[in-house]
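In: Pasting a predicted model and its sequence here:
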Amino acid sequence: MIREHFEFRQTITTILADDPGEIAAAKSGMMAARQEVERQIARDPYFSATLEPYAPENPERTVGRMARAAAEAGVGPMAAVAGAIAWAGVEAMVEAGAMFALVDNGGDIALVSDREVKIGIYAGASPLSGRIAFLVPPQEEILGICTSSATVGPSISFGTADAVTVFSPDVAAADAWATAICNRITPEDTSVLDALPGTGIRGVLAVIGDAVIRWGDLPPVVRARVDERLITAGKWSV
């Protein structure tokens, strides 16, 4: 397996693949998606500034995915940018013939896999941080595994959760809902999860201190020792 770090401006990623050509495809796919977002921001700066749902006129594919996902989750479209770009990268890898493809864009992951994959949970100061991981079974279709935190990283958050991880085949939706849930969930109030049925979200795991909240269909969570040197830190998210 090849592991390559790829960074361009605010997009800071780790790409996993079996073939160098698939790494190149991921970079090309992400750059094309970035260019769509940059074009949208250039002609409509409000798109990148708003923290509320916003529907741009005649959006390109990646921008449309972001806007739709954000509208469902009740957040601004930039809340879905990292997931949407990771999604484009893995789509390009699949088009290049990849059976195993993973892009981690600052904690927002898109993958397809012909093998079991262990994905660690980093949750800042929580005593569970770096000690547990998801054991994700093989995935024939693209799956999004996106994480938002109120205590780790540069993203804007109005909540208190150390980590909220959302699973969905719609990677942009996983990213947007991770932000929305992180903004609102507490150990005492999980009502934000009531909005999830019918959205396509498969599962949610939230870590708040030593509390763990689960919803939906999640892969097994196992004990692990997460190497923090493998964490991909991104800058372009909300």
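Out: Received it, and whenever you're ready, just let me know what you need. Predicted model only: the values in this text are computed from it and were never measured.
In: alpha carbons only for contacts and neighbour counts from here, please
Out: OK.
In: and the helix or strand hosting Ala172, average pLDDT?
Out: Ala172 belongs to helix 171-184 when elements are defined using DSSP states H and E. Averaging pLDDT along helix 171-184 gives 96.
In: Which strands and helices lie in contact with the helix or strand just after it?
Out: Next along the chain after helix 171-184, taking DSSP H and E as the criterion, comes strand 203-208. Judged by 3 or more C-alpha pairs under 8 Å, 6 or more residues apart in numbering; DSSP states H and E, strand 203-208 is in contact with strand 163-168, strand 211-216.
In: Verify the contact between Met66 and Ala80 for me.
Out: Yes - if you go by C-alpha atoms under 8 Å, Met66 and Ala80 touch, sitting 5.2 Å apart.
In: between those two, what contacts are shared?
Out: Listed as contacting both Met66 and Ala80 by C-alpha atoms under 8 Å, 6 or more residues apart in numbering are Ala172, Ala173.
In: okay, now Gly144: neighbour count?
Out: 31 (other C-alpha atoms under 10 Å).
In: related to what we said a few turns ago, off-centre distance for the helix holding Ala172?
Out: Centre-to-centre, helix 171-184 and its host chain are 8 Å apart (C-alpha atoms, centre = their mean, to the nearest Å).
In: wait, is Thr160 part of a helix?
Out: No - per DSSP: H, G, I helix; E, B strand; the rest coil, Thr160 lies outside any helix segment and is coil.
In: What sits closest to it if chain neighbours are left out?
Out: In this structure, Thr160 finds its nearest non-sequential neighbour in Ala150, 5.3 Å apart by C-alpha to C-alpha, 6 or more residues apart in numbering.
In: what are the pairing partners of the strand ranked longest in the chain, and which direction each?
Out: As assigned by DSSP state E, the longest strand anywhere in the chain is strand 139-148. Strand 139-148 pairs in its sheet with strand 108-113 (antiparallel), strand 163-168 (antiparallel), by DSSP bridges.
In: And those: which comes nearest Phe8?
Out: In terms of C-alpha to C-alpha, the element of those nearest to Phe8 is strand 108-113, at 16.0 Å.
In: quick check: mean pLDDT across the closest one?
Out: pLDDT averaged over strand 108-113 gives 98.
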